[in-house]
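pasting the structure only:
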């Protein structure tokens, strides 16, 4: 059976901007508003799955309580770890590591930020988590609360984009997208 997977990106964070990665900053008031607005009139869902980072998990807990739904945290759905680039903006990196940033933007699979997580490993862990979700919750509609990188990866695969275009996928704060995960793991975007 197919898994219906709705993807919700966390809202704006307190430290905002830049590459947040595994940094665990909280949502701003605007970030909470973005997420609450995104789910109005959406669903219904059978369960909520969230990254354990507070910018996702706190909202999942609030929504789960409001909708009386189970909430599970999934470590493998955390954002890409950017290593030495964590917390830095693209503008700052242009001054300190313009060449590396250019290589990463051109093909994130071929260049890993210093001390960062390779995108191939990130892809394996995220797709592995989605596969486990499909096996455990086939036939259900699940809301996955996660990060821009996780969502870009899944949407790029669903859209059949070449890996070099991963970072061209637009996913704003509070963005909500729908996917179908087939028995064979194929991802298809729902309109």
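Okay, I see it. Keep in mind it's a predicted model, so treat the numbers as computed, not measured. Numbers count the residues shown, from 1 in each chain.

ok, the closest residue to residue 164 other than its chain neighbours to residue 184 distance?
Of all residues beyond its chain neighbours, the one nearest residue 164 is residue 107 (4.7 Å), with distances taken as CB to CB, 6 or more residues apart in numbering. All C-beta atoms are positioned from the backbone trio N, CA, C, and that covers glycine. Applying CB to CB, to the nearest Å, one obtains 27 Å for the distance of residue 107 from residue 184.

neighbour-wise, which of the two wins?
In terms of neighbours (other CB atoms under 10 Å), residue 107 is the more surrounded of residue 107 and residue 184; the figures are 15 against 6.

look up phi and psi at the more buried one.
Residue 107 adopts backbone torsions of phi -160, psi 90, taken as degrees, to the nearest 10.

got the buried residues for the longest helix seen in the chain?
Ranked by residue count, the top helix of the chain under DSSP state H comes out as helix 119-137. Buried positions in helix 119-137, judged by neighbour count with 16 or more other CB atoms under 10 Å: 119, 122, 123, 125, 126, 127, 129, 130, 133, 134, 137.

low-confidence regions, the protein specifically.
Within the chain, no stretch has pLDDT under 70.

which residues in it form strands?
3-9, 47-50, 71-73, 141-146, 176-181, 187-190 (DSSP state E).

tilt between the longest one and strand 141-146?
Which is strand 3-9. Computed by axes from the mean of the first three to the mean of the last three CA atoms, to 10 degrees, the angle separating strand 3-9 from strand 141-146 equals 30 degrees.

follow-up on the earlier one: how far is the longest helix of the chain from where the chain is centred?
Going by CA atoms, centre = their mean, to the nearest Å, the spacing between the C-alpha centre of helix 119-137 and its chain's C-alpha centre is 12 Å.

got a list of contacts for that helix?
Residues from elsewhere that reach helix 119-137, judged by CB atoms under 8 Å, 6 or more residues apart in numbering: 3, 5, 46-47, 49, 74, 76-77, 80-81, 108-109, 112, 142, 144, 149-150, 153-154, 157, 166, 181, 183, 185, 187.

name the nearest residue to residue 169, ignoring sequence neighbours.
Distances taken as CB to CB, 6+ apart place residue 152 nearest to residue 169, at 4.2 Å, with adjacent residues excluded.

how much space between the one you found and residue 129?
Look at residue 152 and residue 129: by CB to CB, they are 15 Å apart.

same question, residue 76
From residue 76 to residue 129 the distance is 4 Å (CB to CB).

could you pull out the helices in the protein for me?
With DSSP H as the criterion, the chain has helices spanning 29-39, 54-67, 90-96, 98-106, 119-137, 148-159.

how much space between the residue of the chain most remote from its centre and residue 86?
Computed with CA atoms, centre = their mean, the maximum C-alpha offset from the centroid of the chain is found at residue 95, amounting to 27.4 Å. Note on residue 95: its distance to residue 86, by CB to CB, is 17 Å.

go ahead and confirm residue 100 touches residue 112.
No. Using CB atoms under 8 Å, residue 100 is not in contact with residue 112; the gap is 9.2 Å.
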